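In: sequence? don't have it. structure:
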């Protein structure tokens, strides 16, 4: 009987510890619609927020959304201020040197969006002599510097929204970003200035192999829990149900 009491006490302590320590999932503090952004009441909404909630529920994880500045989100993970990243972060060779990733949960093309009245395409030659805006510390900055720098003036922005604003105002000629992230801009009044000029040539070493959940190196139990959650919502239709509320086509890409 004593052994049973001790076991029950130990289980109660473990349950209390689990309840006290939710999985802090970092999202970029900067708005990134339609994936994640705060609404008028300050509540975080968007496709990625709903996917996070569904994945965590399927994996039986108690997740706590934790807004974190994009350019400091990997250091926040490594230092333990957050436990995971779900912020449209692409799985790249460079990032895999520092953190681990779950299986991908979406994968979409990278596009160049530019002024309608300017002749250009998504190639180094097509962007020569133009001004290209990219968000800092992203795969788009890395790609632009690798492929366009020298012939193209590259300007960096803290958020994609800032790049879009300068594009609409004519202060830059084009921007490079995820195709879906640009859909909202292009369908807005401000976005009437511009159009998709093309999809950039794929370079998986820079652009990655899709978007995954970032976790600390060696945190295999949490990584596998996210993998189980992703697989579960793909299998039971939850993923497609959420996606259909935001996008006209599948964005899984696998």
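Out: Alright, I've got the coordinates. All figures in this text were calculated on a predicted structure; none of them were measured in a lab.

In: how about the helices in the stretch 151-254 of the chain?
Out: Counting by DSSP state H, counting those that start in this stretch, the stretch 151-254 of the chain forms helices over residues 160-169, 179-186, 204-207, 220-235, 238-244, given from the N-terminal end onward.

In: tell me which of those sits nearest to residue 29.
Out: In this view, the helices of the stretch 151-254 of the chain are compared for proximity to residue 29 by CB to CB, and helix 160-169 is the closest at 12.5 Å. C-betas here are computed from N, CA, C, even on glycine.

In: for the nearest residue to residue 228 once chain neighbours are set aside, grab phi and psi.
Out: Nearest residue to residue 228, sequence neighbours excluded (CB to CB, 6 or more residues apart in numbering): residue 59, at 5.2 Å. Per-residue torsions, residue 59: phi -90, psi 0 (degrees, to the nearest 10).

In: equivalent analysis for the one 4 residues further on, please.
Out: Dihedral angles of residue 63 (phi, psi; degrees, to the nearest 10) stand at phi -100, psi 140.

In: what about the residue nearest to residue 228, how many neighbours?
Out: 20 (other CB atoms under 10 Å).

In: now do the contacts for it.
Out: Counting by CB atoms under 8 Å, 6 or more residues apart in numbering, residue 59 touches 225, 226, 228, 229, 232.

In: by neighbours, which of those wins?
Out: The member of the contacts of residue 59 that has the most neighbours, counting by other CB under 10 Å, is residue 226 with 29 neighbours.

In: which residues touch that residue?
Out: By CB under 8 Å, 6+ apart, the contact list for residue 226 reads 55, 59, 61, 84, 102, 103, 213, 215.

In: of all the residues you listed, which two lie farthest apart?
Out: Largest pairwise distance in those, by CB to CB, is 15.4 Å, between 61 and 103.

In: who has more neighbours out of these two?
Out: Of the pair residue 61 and residue 103, residue 61 is the one with more neighbours under other CB under 10 Å, namely 21 against 17.

In: list the contacts for the closest residue to residue 39 other than its chain neighbours?
Out: Spatial nearest neighbour of residue 39, chain neighbours left out: residue 45 (5.1 Å); criterion: CB to CB, 6+ apart. Residue 45 makes contact with 36, 37, 38, 39, according to CB under 8 Å, 6+ apart.
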